[in-house]
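A.B. asks: have a look at this fold, sequence not included:
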C-alpha cells in the first residue's frame, strides 16, 4: 500500500519549481480534514471564511482569535499529511508587532504549519518578523476580505495599470521579506500570471484565472453547500461525482491538470 508522505514546505517549493499546481481548499473541522487529506488535497486552509460558513455571519471581520485557534486545532487533529495554513483574523495583527507575533504563535501551537495575513506594504515588517522567528507566512493580495468595506465590496482588483504595478510591488516586497506563498484573489488572469511569473514563490489563485502555482476555493462553495449566489469563478464539483470524496478528488485532479479554473470568470 502506498503511504502518502507528509506535505512539507520543502515539498511545496519543489512542486512550484517543477510547475506542479498546488491544490488547496478551506477546511474548518476534523471530519472534513480527514476527507480532504484522503482525497489528495495538498493544503488545508483554515480560513476566517468560517465566519460565514460556520457562524452565519455576513463577512469575516467578527471572527475571533479564539475561534481561529479552535478550528485550527480541530483541522490539525483530523489531518494526517496535508499542509495546514491558518488565517490570522481581523484585529489579530493590525495592532502591535508583539501582539501579532503572540497571536501567530497561538495558531502554530494549535496545529498550523503556516499563518496567512492579508495586505501588502504595512504587513512587510510583520512578515519579516514572523519568518525570523520560524513561523512560515502566506501573504494575501488583490481582493482582501478583511478590507471589504474599504474596497467597496466584492470587486475585481488590479484592473488598472497603476493598481497592477502596486500589486507587483507588494508581492515582490512580501516575497523578499520571506513569505513562502501568496494568495491572489479576484483579479484579471493576465495581471495575476504576469506578476506570478516573476515571483520566486507559488501564487495560489482564487478568482484570478489559470496558469498560477495553484488554486484554492471555499470547500462549501465547490460542494454546492453554500446558500445564495456563488461567485462566478466557482465550479460545482459534486455534479457528476458519486460522493463528496469523489468531488474533492476531481477538484484536485482538475487543478493538477489545468482544467480548473476558467480564465473568463473572475467576479462574484
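C.D. replies: Received, thanks. Remember, it's a predicted structure, so these values are computed and weren't measured experimentally.

A.B. asks: how distant is the longest helix along the chain from the center of its chain?
C.D. replies: Longest helix in the chain, counting residues (DSSP state H): helix 161-177. Distance, stretch centre to chain centre, for helix 161-177: 18 Å (Cα atoms, centre = their mean, to the nearest Å).

A.B. asks: could you say what helices and strands that helix packs with?
C.D. replies: With contacts taken as 3 or more Cβ pairs under 8 Å, 6 or more residues apart in numbering; DSSP states H and E, helix 161-177 sits against helix 124-132, strand 137-142, strand 181-185, helix 189-196. Glycine gets a C-beta too; all of them are placed from N, C-alpha and C.

A.B. asks: that helix vs strand 137-142, what angle?
C.D. replies: 180 degrees (axes from the mean of the first three to the mean of the last three Cα atoms, to 10 degrees).

A.B. asks: quick check: angle from helix 161-177 to helix 189-196?
C.D. replies: 30 degrees.

A.B. asks: look up how far residue 93 lies from residue 86.
C.D. replies: From residue 86 over to residue 93 the distance is 12 Å, taken as Cβ to Cβ, to the nearest Å.

A.B. asks: more crowded one of those two?
C.D. replies: residue 86 (29 against 25; other Cβ atoms under 10 Å).

A.B. asks: what about residue 34, which helix or strand?
C.D. replies: helix 30-38 (DSSP states H and E).

A.B. asks: helices or strands up against the helix or strand just after that helix?
C.D. replies: Later in the chain than helix 30-38, the nearest helix or strand by DSSP H and E is strand 43-46. Secondary-structure packing of strand 43-46 (3+ Cβ pairs under 8 Å, 6+ apart): strand 22-26, helix 30-38, helix 65-78, strand 83-87, strand 214-217.
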